[in-house]
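J.: A predicted structure for the sequence below; I have some questions about it.
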Amino acid sequence: MSTSRLLLLQKLSRSLLSNRKVATNAVGLANRTWSAAGTPVHRAFPTTFRPIRAFSTEAASDEKPSSGYHSIIRDSEKAVGESDKHEFQAETRMLLDIVARSLYSDKEVFVRELVSNASDALEKFRYTIHTAGEGEKDFTEQDRALEIHIGTNKQDRVLSIQDTGIGMTKEELIANLGTIARSGSKHFLEQVKEKGTTTENAQNIIGQFGVGFYSAFMVADRVDVYTKSSKIDSCGYKWTSDGSGNFEIQEAENVRVGTKIVIHLKADCREFSDEDRIREVIRKYSNFVGSPIYLNGKQANQIQPIWLMEPKDVTQDQHNEFYRFVGNTFDTPRFTLHYKTDVPLSIRALLYFPEGKPGLFEMSRDSDVGVALYTRKVLIQSKTENLLPKWLRFIKGVVDSEDIPLNLSRELLQNSALIRKLRTVLTNRVLRFLHDRSTKDPENYDKFYKDYGLFLKEGIVTSQEPNEKEEIAKLLRFETSKQEDKRISLPEYCNQQQEGQKDIYYLAAPNRTLAEASPYYESLKKKGIEVLFCYEAYDELVLMQLGQFLGKNLVSVEKEMRRSEKSEDSADQLIEGSLLKTQIDELIPWIKQKLTGKVTNV
């Protein structure tokens, strides 16, 4: 070997040794903790180098450090003793198969269902504490924080969801998880009604059907549940099942009060062990549940659903932020409609009218309405087709109603009559709001009409309800023959009509100059009759579809004048074989002469 090659090998060896020392020092720093005095304290670590996982379910403390990290999830639970084996009944096994394979249209909704269950557990505990008498508060850790924690472990394909709620006893575990379609939340609410007491906490409970938990089997090879009742001296238990028809229950150690669900994901469902994927699902479905949700130690949801707040308590900054969230946009709302009612339906609505102009192809795009439907702060549909008519698709916002009838999967709406009623109530409220804006803030309404008037006209053409058409028509604006550069409404036109005028006249023309020069307008101008000028090509179609307004016919000047001319000329029109007028004038004297003395007149 040449000298130059030996020197090169020596340099490479020294470089490799140096890099190895740096790596060793880095591992040492990663495994070093710090004392209160600020001095490093080394701890043992394995000599074999292992890659650092993206998330560890082991947290050093329950305290919330200044960094904002906060997690209660541990892997310290341990089953002890012999397990009790139970079998699902034959009908239950069949239902489990339906739930796991057919009930839900999208696998991601299992996160929504489990988070909703966790939220219910927190609300049950909160309600129980608030309603218990001084001598009845036999609960442990009464002052604990009520939270939901989610941990992802991509390496092991595990997703954990843990709450600090009311927990379950062994009997409740068997009853609630051993029987499909038995809703523990529904049973709890029935007990509340029997006692004749209710609070806001009880009303916040979401569960209805008792199938949400089993949605986990859509994505799981096995599900483990660790739970401990909040009652004093309760034991911890582990419930486990692979969804094949049986489940086991064992006592367990190191179980916190509340419930922890550990989902061992199928290979093709690995995506749900990814932190970003779970954060996306939380943001979509559970962003506004009433308790904080921590994902891998960081809060992942916005707790305050501002549509449930009093309108006077919501700041404009909050509206702007929420509008950008629900509208997936960057502008600010032009108008904000925030209202609530309990009659004829329970409705909490927050609707925004965009500041920006609609896109070039927005009108032709058959997009869904941009209003999300929630029930008790849980998303049901992000774009609800029948909640508002298509012509209001530019509106963004949220509608929350407890009266919404849902199917078993909470994905589809039932009872079409009730949905139509909700649609009618919302549509009428929007129309009243716009009418109010047009009278109280005409300048901004005129700007809105300039940008979105075409959508209102679409509503007149597509609506099947005459009353709705007339309400929309009150929002239309037109120039008239008597008022240049000023648009007026149809009610204003009717109020300033001439006495005895029974019809509303309009003339379609590309601009005012051509409208005033139209020979059809000339005769009405002489009579002093005011005429609406329609500059858009579709305005004539809109008014034809409207037909009447406040009992007055909408009449096209052009068509009316043509009809009048045709009527006047009809007497002069000849039918086949008839005499000309000159021939008739020559014939009459001849007839009189021949019939003299026989007829009085011809």
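T.: Arrived safely, thanks for sending.

J.: please count neighbours and contacts with C-alpha atoms only from this point.
T.: Fine.

J.: mind listing what's buried in the particular helix or strand that has Val542 in it?
T.: Per DSSP states H and E: Val542 is located in helix 539-546. By neighbour count with 16 or more other C-alpha atoms under 10 Å, helix 539-546 contains the buried residues Asp539, Glu540, Val542, Leu543, Met544, Gln545, Leu546.

J.: where does pLDDT dip in the stretch 451-600 of the chain?
T.: Along the stretch 451-600 of the chain, segments meeting pLDDT under 70 span 562-581.

J.: wait, the chain
T.: Along the chain, the model assigns pLDDT under 70 to residues 1-67, 89-94, 99-103, 132-143, 179-210, 303, 360-369, 405-415, 562-581.

J.: what's the closest non-adjacent residue to the residue nearest in space to the middle of the chain?
T.: For the chain, Ala372 is the residue whose C-alpha lies nearest the centre (C-alpha atoms, centre = their mean; 1.4 Å). Leaving aside its chain neighbours, Ala372 sits nearest to Ser382 (4.3 Å; criterion: C-alpha to C-alpha, 6 or more residues apart in numbering).

J.: follow-up on the earlier one: in its sheet, what does the helix or strand following the helix holding Val542 sit against?
T.: Per DSSP H and E, the first helix or strand lying C-terminal to helix 539-546 is strand 548-549. Each strand paired with strand 548-549, and its direction, by DSSP bridges: strand 552-556 (antiparallel).

J.: quick one: the partner strand to helix 539-546, angle?
T.: Inter-element angle recorded for strand 552-556 and helix 539-546: 150 degrees (by axes from the mean of the first three to the mean of the last three C-alpha atoms, to 10 degrees).

J.: quick check: buried residues in strand 552-556?
T.: Quick answer for strand 552-556 (16+ other C-alpha under 10 Å): Asn553, Leu554, Val555, Ser556.

J.: distance to Gly68 added to the residues you listed, as a markdown table?
T.: As requested, the buried residues of strand 552-556 are exported to a markdown table (distance: C-alpha to C-alpha, whole Å):
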| residue | distance to Gly68 |
| --- | --- |
| Asn553 | 67 |
| Leu554 | 65 |
| Val555 | 68 |
| Ser556 | 68 |
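
J.: among the residues you listed, which pair sits farthest apart?
T.: Farthest apart among those by C-alpha to C-alpha are Asn553 and Ser556. That separation is 9.7 Å.

J.: distance of Leu295 from Tyr506?
T.: Leu295 sits 62 Å away from Tyr506, going by C-alpha to C-alpha, to the nearest Å.

J.: now the helices for the stretch 51-200 of the chain?
T.: Here the stretch 51-200 of the chain has its helices, by DSSP state H, counting those that start in this stretch, at 90-98, 109-131, 170-177, 184-195, 200-203.

J.: the shortest one: what's the following helix or strand?
T.: The first helix or strand that comes after helix 200-203 along the chain, using DSSP H and E, is strand 220-228.

J.: packing partners for that following strand?
T.: Here strand 220-228 touches strand 236-241, strand 258-265, going by 3 or more C-alpha pairs under 8 Å, 6 or more residues apart in numbering; DSSP states H and E.

J.: alpha carbons of that strand, in CSV - could you do that?
T.: Taking C-alpha atoms only, strand 220-228 is exported to CSV below (Å, rounded to 0.1, in the frame of the first residue of the first chain):
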residue,chain,number,x,y,z
ALA,A,220,-58.7,-2.0,15.5
ASP,A,221,-57.3,-5.5,15.7
ARG,A,222,-57.8,-5.3,19.5
VAL,A,223,-59.3,-2.7,21.9
ASP,A,224,-58.3,-2.5,25.6
VAL,A,225,-60.2,-0.4,28.0
TYR,A,226,-58.9,0.6,31.4
THR,A,227,-61.4,2.2,33.7
LYS,A,228,-61.8,3.2,37.4
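
J.: partner strands of that strand, parallel or antiparallel?
T.: strand 236-241 (antiparallel), strand 258-265 (antiparallel).

J.: got TSV for the ones you listed, with mean neighbour count too?
T.: Converted to TSV, those look like this (neighbours: other C-alpha atoms under 10 Å):
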stretch	mean neighbour count
strand 236-241	24
strand 258-265	24
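
J.: now render those strands as CSV, adding distance to Ser83.
T.: Shown next, in CSV, are these (distance: least, C-alpha to C-alpha, whole Å):
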stretch, distance to Ser83
strand 236-241, 9
strand 258-265, 18
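
J.: ok, which of those comes nearest Tyr127?
T.: Closest of the strands paired with strand 220-228 to Tyr127 is strand 258-265, at 14.9 Å (criterion: C-alpha to C-alpha).

J.: need the residues that contact the closest one.
T.: Strand 258-265 has contacts (C-alpha atoms under 8 Å, 6 or more residues apart in numbering) with 118, 121, 157-168, 216, 219-230, 272-273.

J.: compute the inter-axis angle for that strand and helix 109-131.
T.: 170 degrees.

J.: check the offset of strand 258-265 from the chain's centre.
T.: The gap between where strand 258-265 is centred and where its chain is centred comes out at 28 Å by C-alpha atoms, centre = their mean, to the nearest Å.

J.: same thing with stretch 243-256?
T.: Between the centre of stretch 243-256 and the centre of its host chain there is 37 Å, according to C-alpha atoms, centre = their mean.

J.: cool, and stretch 337-345?
T.: With C-alpha atoms, centre = their mean, you get 17 Å for stretch 337-345.

J.: buried set for stretch 508-522?
T.: Taking 16+ other C-alpha under 10 Å as the criterion, stretch 508-522 shows Ala508, Ala509, Arg512, Ala515, Glu516, Ser518, Tyr520, Tyr521 as buried.

J.: any idea how far apart the tips of that stretch sit?
T.: First-to-last distance for stretch 508-522 - C-alpha to C-alpha - comes to 14 Å.

J.: show me which positions of stretch 338-348 end up buried.
T.: His338, Tyr339, Lys340, Leu345, Ile347, Arg348.

J.: may I have whichever helix or strand the residue nearest to the centre of the chain is part of as PDB, with CA atoms only?
T.: If you go by DSSP H and E, Ala372 is part of strand 370-375. Written as PDB, here are the backbone C-alpha positions of strand 370-375 (Å, rounded to 0.1, in the frame of the first residue of the first chain):
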ATOM      1  CA  GLY A 370     -71.000  26.400   3.400                       C
ATOM      2  CA  VAL A 371     -72.900  26.000   6.700                       C
ATOM      3  CA  ALA A 372     -71.800  23.300   9.100                       C
ATOM      4  CA  LEU A 373     -74.300  21.300  11.200                       C
ATOM      5  CA  TYR A 374     -73.500  20.600  14.800                       C
ATOM      6  CA  THR A 375     -75.500  18.800  17.600                       C
END
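
J.: pull up the pairing partners for it, direction included.
T.: Counting by DSSP bridges, strand 370-375 is paired with strand 378-381 (antiparallel), strand 396-400 (parallel).

J.: now those in JSON lines, with mean neighbour count and distance to Val425?
T.: Listed next are those as JSON lines, based on neighbours: other C-alpha atoms under 10 Å; distance: least, C-alpha to C-alpha, whole Å:
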{"stretch": "strand 378-381", "mean neighbour count": "22", "distance to Val425": "19"}
{"stretch": "strand 396-400", "mean neighbour count": "24", "distance to Val425": "12"}
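
J.: what would these look like in TSV with distance to Tyr237?
T.: Formatted as TSV, those follow (distance: least, C-alpha to C-alpha, whole Å):
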stretch	distance to Tyr237
strand 378-381	29
strand 396-400	37
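
J.: with respect to Glu77, which of these lies nearest?
T.: When these are compared (using C-alpha to C-alpha), the closest one is strand 378-381, at 30.2 Å.

J.: now Arg144, nearest residue through space, not along the chain?
T.: Nearest to Arg144 is Thr164, by C-alpha to C-alpha, 6+ apart, at 7.7 Å.

J.: give the contact list for that neighbour.
T.: Ala121, Leu122, Arg144, Ala145, Leu146, Glu147, Ile148, Arg256, Val257, Gly258, Thr259.
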